[in-house]
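Peer 1: Sharing a model that was predicted from the sequence below.
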Amino acid sequence: MIKQTTGILAVISLILLLQSGCAPLSVGPESGRVTVDEGHAIVKELIKSTRSWDGTSLPAYPQDRPEITILRISIPAGTRLDTHSHPVINSGVLISGELTVVTLDGKTLHLKAGDPIVEVVNTWHYGINEGKVPAEIIVFYAGAVGTPITVVKP
């Protein structure tokens with residue numbers, strides 16, 4: 001599975017590199033810095049973890065054919081999402097607004113714009129936007145073909 005994921009990421013990187021207007025990248029001498037031909041890009045690791053935000057270890061990746069899904073989700077101000085769970089590993093970055101994530105056993109995480117999250121897996125939870133503006137989050141799901149990324153609690 002790791003070889004498949006590495007292969008997928010290598011292909012995506014090659015496609016991006018070959019697109020017109022893309023410059024070759026090389027790692028600079030400073031840690032976390034990537035040099036681009038005529039300018040510089042600063043790479044900041046937002047999060048790297050083997051655990052979800054509530055401290056639970058992430059499960060192993062499925063052995064089935066991998067499927068990556070990326071969603072941009074907008075949660076209107078004052079909205080509480082349905083209680084749900086994710087059967088696949090996922091992570092994201094809140095790009096605007098604020099969002100509170102609550103598990104049914106009472107664990108709570110409050111996110112503000114720019115905060116990353118490694119979401120809980122197979123744990124019932126919900127999100128609530130208690131702010132006055134929409135909360136916008138981009139979420140990356142690492143699942144398998146035919147596996148849902150979200151299951152709503154009946």
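Peer 2: Nice, thanks for sending it over.

Peer 1: Name the SS class of residue 63, please.
Peer 2: coil (DSSP: H, G, I helix; E, B strand; the rest coil).

Peer 1: Burial check on it, number of neighbours?
Peer 2: 9 (other CB atoms under 10 Å). (C-beta placed from N, C-alpha, C; glycine too.)

Peer 1: So what does the residue lying closest to residue 59 once chain neighbours are set aside have for phi and psi?
Peer 2: What sits nearest to residue 59 in space, not counting adjacent residues and going by CB to CB, 6 or more residues apart in numbering, is residue 121, at 5.7 Å. With angles defined as degrees, to the nearest 10, residue 121 sits at phi -120, psi 130.

Peer 1: Residue 41: which element?
Peer 2: Residue 41 is part of strand 39-42 when elements are defined by DSSP states H and E.

Peer 1: and the next element down the chain from that strand?
Peer 2: Next element after strand 39-42 (DSSP H and E): strand 66-75.

Peer 1: ranges for the helices of this protein?
Peer 2: 2-18 (DSSP state H).

Peer 1: what's across from residue 72 in the sheet?
Peer 2: residue 138 (DSSP bridges).

Peer 1: how close does it get to residue 94?
Peer 2: 11 Å (CB to CB, to the nearest Å).
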